[in-house]
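Novice: Need a 3D model of the sequence below.
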Amino acid sequence: MRLERLSSNQFKIFLTFDDLVERGLTEDVLWKDLPAMQALFHDMMFEASDELDFELSGILSVQVYLLQAQGMLIIVTQEYFDADDDYIEMQVTLDESDALLYVFDDFDDIIQLAYTLERLNIDEGSIYYYEGYYYVYFSDDILAKHHQEDLIALLSEYSEASVVAPARIIEYGTPIMIEQAMHLIRQKFKC
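Specialist: Here you go, the predicted model:
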């Protein structure tokens, strides 16, 4: 589990699939066993608050993103805080994404990836630049056309899954190539 304090009233929890399994958070638990899910969330919230020195109280907005191939991203925002109150109210929203988002330190790795993906006839993808890193984004429709595990394995050879939500990258990142990025890279950077 990776934790990051985003501001005085907000923090982020990222759990890989291994973290989820280790904590007993399977897809069945998430969608079918509400009491078990609530207990696990409760434990994670207090573990994060202890580690980040974040006092949990008042109304918490909890946004949970299930990210394809990455795991789970949880953004916790304290909407209302009163030190005299001794209650916690969580307003949880759950969003599942089949899109793939990978982070790269070096653009040259994206060029190599584009040539590797040519073997799978993958031309799609978008590239963004955000806070010193490059992000390659594949929408959920690519998984309908290609074998998910193969694509994830290739992406993992060149980079790692992003812990930043795709919506954040799309909204705040600088677009470099929006459509057919892998094809455009192969055209512009001949090997």
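
Novice: Please tell me how far Phe189 sits from Ile110.
Specialist: 9 Å (Cβ to Cβ, to the nearest Å). In short, each C-beta sits where N, CA and C put it, glycine included.

Novice: low pLDDT regions in this structure?
Specialist: The model of the chain has pLDDT under 70 over residues 26-31, 33-34, 68-70, 81-87, 95-97, 143, 191.

Novice: what's the domain layout of it?
Specialist: Annotated domains of the chain cover 2-97, 100-188 [automatic domain parsing].

Novice: picking that back up, counting neighbours, go ahead and name the busier of Phe189 and Ile110.
Specialist: Ile110 (23 against 14; other Cβ atoms under 10 Å).

Novice: List the beta-bridge partners for the nearest residue to the more buried one once chain neighbours are set aside.
Specialist: Spatial nearest neighbour of Ile110, excluding adjacent residues (Cβ to Cβ, 6 or more residues apart in numbering): Phe104 at 5.4 Å. Phe104 has these beta-bridge partners by DSSP bridges: Tyr134.

Novice: wait, isn't Phe104 in contact with Gly132?
Specialist: No: Phe104 is beyond contact range of Gly132, at 10.9 Å (criterion: Cβ atoms under 8 Å).

Novice: more neighbours, the two?
Specialist: Remark: of Phe104 and Gly132, Phe104 carries more neighbours, 20 against 6, as counted by other Cβ under 10 Å.

Novice: how far does stretch 5-20 stretch from start to finish?
Specialist: Stretch 5-20 has an end-to-end distance of 21 Å (Cα to Cα, to the nearest Å).

Novice: If you count neighbours, what's buried in it?
Specialist: Asn9, Gln10, Phe11, Lys12, Ile13, Phe14, Leu15, Asp19, Leu20 (16 or more other Cβ atoms under 10 Å).

Novice: For Ala165, state which of the residues you listed is nearest.
Specialist: In terms of Cβ to Cβ, no member of the buried residues of stretch 5-20 lies closer to Ala165 than Lys12, at 9.2 Å.

Novice: Could I get the contacting residues of that closest one?
Specialist: With contact set as Cβ atoms under 8 Å, 6 or more residues apart in numbering, Lys12 has these partners: Leu3, Glu4, Arg5, Leu6, Leu73, Ile74, Ile75, Val76, Val163.
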